[in-house]
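Engineer: Coordinates only, no sequence provided:
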Ligand code: EPU
């Protein structure tokens, strides 16, 4: 199994380019199932979750051609509606196939994703929303079996504004009979982007990216071209790494407006931030950061997908701060690993009290999930001595070429 070796080497410096967003690419790839005409996608990141999503589409009978960051999905010859456990368990985003399969083919057989390292990850909102649209759903042998001759437009209010459930229901509603109104919908930019893609396929979606999304169903959708927006979490991860190492970097091909809250927290930590339309410059002027309180919540507040990276930043900062995780019940697996590097963190339920140390020490550590891996990388870059990170396949799920990108910024890092 691959490991990453990092030797702490002072400030990161230079320029890094951001890839397309994994969590925006996954729903638009699933939308490839909605039309018999080809969907052309660009700025697709080279990450493992995308490989898994494409493998799933191929199993269903889609023809895929991929050239670097460009993809073409042809779902005119789909002959299966089954997404098997073996693939779904490695990538919970596969639940995004449920809505498109059901609405286009009248049935879907998608494995329940099960729990994962960050929590139980239920899918009750996806199921309740589709049932409200007339689907017959049962759970058999660990699979969600869904049927509907044609889904019907409905009024559905989410109890919790789930990102992928909002996306699933928008896709399902786009081919339903009549109008669907989704209340308390997720506000994430990835939802807004999916709305844009669906409209360019001929759907009638309004309000995507706001709390109320209205979808007027149409009979069929057509092919389209779409470019995936930049990854706000990859952006935030590089910025946190630069701040933790007291560095100075420019991040290009990004969208600062997706990161308002994260940028404000970095400024509160004492670094200087400058931003243009598609770039962000961070300069820590060689100074150690100050500890900052963070509390995760749905967009536009502080993202759960940046919590682990800020835990590493706080573990190295001056002072004490709390890090509160409100979205997933078990997203603190990185804490025990940071403690092995000398971090001073006390856990009280879903709150971590972090007192920064001037230095952490390199140690062998284990990645437990995607963002936990990023947290350990940041700690390792700023630590004294060598850190070996095991189970880096978690990192590969969502960060494109991160080892090369960090090496370009001056890190002493290699994969073995
Ligand atoms: N929830 C329910 N029932 C549901 C769905 C969700 O109770 O049917 C709860 C969850 O347990 C959680 C909250 O709602 O407490 C929000 O979860 P959400 O459904 O929004 O998460 P998701 O759609 O499964 C996406 C991202 C995650 C990201 C979360 C939160 C994708 C493919 N995944 O997951 O990304 O953490 O939104 O922003 O878009 C990552 O990239 O590392 C990652 C985990």
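Structural biologist: Looks like it arrived, so ask away. For clarity, every value in this text was computed on a predicted model and none was experimentally measured.
Engineer: near the ligand, which residues of the stretch 151-300 of the chain show up?
Structural biologist: Within the stretch 151-300 of the chain, the positions near the ligand by C-beta under 6 Å from any ligand atom are 160, 162-165, 186. Backbone N, C-alpha and C define where each C-beta goes, glycine included.
Engineer: again, only using 8 Å
Structural biologist: 159-167, 186, 188, 190, 233, 298-299 (C-beta under 8 Å from any ligand atom).
Engineer: Pick out the one among these with the largest number of neighbours.
Structural biologist: residue 167 (34 neighbours; other C-beta atoms under 10 Å).
Engineer: confidence score at that one?
Structural biologist: Predicted confidence (pLDDT) at residue 167: the value is 98.
Engineer: same deal with the one 3 residues further on?
Structural biologist: Looking at residue 170, its pLDDT reads 98.
Engineer: Residue 205 now?
Structural biologist: 98.
Engineer: same question, residue 116
Structural biologist: 71.
Engineer: can you tell me which residues contact the residue in the chain sticking out farthest from the centre?
Structural biologist: For the chain, the largest distance from the centre (C-alpha atoms, centre = their mean) belongs to residue 149, which lies 32.5 Å off. By C-beta atoms under 8 Å, 6 or more residues apart in numbering, the contact set of residue 149 is residue 106.
Engineer: And for residue 181?
Structural biologist: 154-156, 212-215.
Engineer: Show me the residues of the stretch 151-300 of the chain next to the ligand that map onto strands.
Structural biologist: Judged by DSSP state E, strands contain none of these.
Engineer: for these, which one is nearest residue 52?
Structural biologist: residue 164 (14.7 Å; C-beta to C-beta).
Engineer: three-state assignment of residue 306?
Structural biologist: At residue 306 the chain is in helix, as set by DSSP: H, G, I helix; E, B strand; the rest coil.
Engineer: okay but it is in contact with residue 233, surely?
Structural biologist: Yes - shown here, residue 306 and residue 233 form a contact pair, counting by C-beta atoms under 8 Å, at 6.4 Å.
Engineer: Now for those two: what residues contact both?
Structural biologist: residue 371.
Engineer: quick revisit: using TSV, lay out the contacts of residue 181 together with distance to residue 51, pLDDT and secondary structure.
Structural biologist: Listed next are these as TSV, based on distance: C-beta to C-beta, whole Å; pLDDT from 0 to 100; DSSP: H, G, I helix; E, B strand; the rest coil:
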residue	distance to residue 51	pLDDT	secondary structure
154	35	97	coil
155	38	98	strand
156	32	98	strand
212	35	98	coil
213	30	98	strand
214	34	98	strand
215	30	98	strand
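Engineer: out of the residues you listed, what pair is the most spread apart?
Structural biologist: 154 and 212 (13.8 Å).
Engineer: more neighbours, those two?
Structural biologist: residue 154 (19 against 13).
Engineer: Now residue 144: which helix or strand?
Structural biologist: strand 143-147 (DSSP states H and E).
Engineer: partner strands of that strand, parallel or antiparallel?
Structural biologist: Strand 143-147 sits in its sheet next to strand 107-111 (antiparallel), strand 136-140 (antiparallel), going by DSSP bridges.
Engineer: Thank you, goodbye.
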